[in-house]
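Engineer: here is a sequence with its predicted model. Questions after.
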Amino acid sequence: MLFIRTSLIRRKIGVNYANVYLILSCYMFILYLTDNVYAYYSPLMTFLLICMSYTRLKGGNKTMPKVSVIMSTYREPLKWVESAVESILSQSLTDFEFIIVIDDPKNKLIIEYLESIEDTRVVLLKNESNLGLVRSLNKALEVCKSDYIARMDADDISLPERLEKQVTFMKTQNYDLCGTWYELFDDTHVIRISNPPQSSIVCERVLRYENCVAHPSWMVRKKYMIL
């Protein structure tokens, strides 16, 4: 498991702008029928508002989230999954989607927990049979909407500012992929702190022999993912 557990859950509320535009267009049309002082502009405004409403309905009312977090579950203990999910939902950066793939359709305990989460940022994908981690994550990648993709594992925990710090770093430093240091610990104590190489030059050398970026800690630009 990685990092530190938190328990705060935040929810995000959206606005249906398409309905707002439709209501305004109806109001302008009424002004036109009642020969109001603004009647001269009413036909044009009504037309523009209807066009805006149609554009919103066609393209969807949801804006693209800043980050897509992907995670797959199998047969991890429920308390591990709860800790992992809560650590993402309590992030300081709240503009994200959390795509969770259920890779064991018979695991009723985890399914009941995930389906009980009342957070619109959570997207659940359920496999009909066990596909394994790689294929499950590829399914999640296919539905990601953001330009930034963050990995998470069902037995890990992220610090509250993880996503915010990684997005800021990648934008300001113009990187395409970054990882983090991490703690290895059990139920009683921290076993060790791992500090992988930090510079691109050292990472390139290490990658010839082994992975130097902890899987559940990396964030990458979507355009560099090959599906």
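Structural biologist: Cool, the structure landed. Numbers count the residues shown, from 1 in each chain.

Engineer: state the helix or strand in which the residue positioned nearest the centre of the chain lies.
Structural biologist: In the chain, the centroid-proximal residue (Cα atoms, centre = their mean) is E97; its distance is 2.5 Å. Assigned by DSSP states H and E, E97 belongs to strand 96-102.

Engineer: ok, which stretches of this protein are helices?
Structural biologist: Using DSSP state H, the helices of the chain run over 17-33, 42-59, 78-89, 108-115, 133-143, 162-173, 200-206.

Engineer: low-confidence stretches in the protein?
Structural biologist: Where the chain drops to pLDDT under 70, the residues are 1-63, 226-227.

Engineer: correct me, but R192 touches D186?
Structural biologist: No - R192 lies out of contact with D186 (Cβ atoms under 8 Å); the separation is 11.2 Å. Just so you know, the C-beta spots here come from the backbone N, C-alpha and C atoms, and that holds for glycine as well.

Engineer: sorry, back to before: what's the strand holding E97 packed up against?
Structural biologist: strand 67-73, helix 78-89, helix 108-115, strand 122-126, helix 133-143 (3 or more Cβ pairs under 8 Å, 6 or more residues apart in numbering; DSSP states H and E).

Engineer: between the ones you listed, which gets nearest to L159?
Structural biologist: helix 78-89 (7.7 Å; Cβ to Cβ).

Engineer: what inclination does that closest one have with respect to helix 162-173?
Structural biologist: Interaxial angle of helix 78-89 relative to helix 162-173 (axes from the mean of the first three to the mean of the last three Cα atoms, to 10 degrees): 40 degrees.

Engineer: mind starting the numbering at 556 from now?
Structural biologist: Will do, 556 is the new start, and the previous item becomes helix 633-644.

Engineer: with only the CA atoms kept, save helix 633-644 in PDB.
Structural biologist: Provided in PDB are the C-alpha atoms of helix 633-644 (Å, rounded to 0.1, in the frame of the first residue of the first chain):
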ATOM      1  CA  LEU A 633     -12.900  -4.400   1.100                       C
ATOM      2  CA  LYS A 634     -11.200  -2.100   3.500                       C
ATOM      3  CA  TRP A 635      -8.300  -1.700   1.100                       C
ATOM      4  CA  VAL A 636     -10.600  -0.700  -1.700                       C
ATOM      5  CA  GLU A 637     -12.500   1.700   0.500                       C
ATOM      6  CA  SER A 638      -9.200   3.400   1.500                       C
ATOM      7  CA  ALA A 639      -8.100   3.600  -2.100                       C
ATOM      8  CA  VAL A 640     -11.400   5.100  -3.300                       C
ATOM      9  CA  GLU A 641     -11.700   7.600  -0.400                       C
ATOM     10  CA  SER A 642      -8.100   8.800  -1.000                       C
ATOM     11  CA  ILE A 643      -9.000   9.800  -4.600                       C
ATOM     12  CA  LEU A 644     -12.400  11.300  -3.800                       C
END
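
Engineer: buried sites along it?
Structural biologist: W635, V636, E637, S638, A639, V640, E641, S642, I643, L644 (16 or more other Cβ atoms under 10 Å).

Engineer: one more: stretch 655-675?
Structural biologist: I655, V656, I657, D658, D659, N662, I665, I666, L669, I672.

Engineer: surely P620 touches F653?
Structural biologist: No - if you go by Cβ under 8 Å, P620 and F653 don't touch, sitting 9.3 Å apart.
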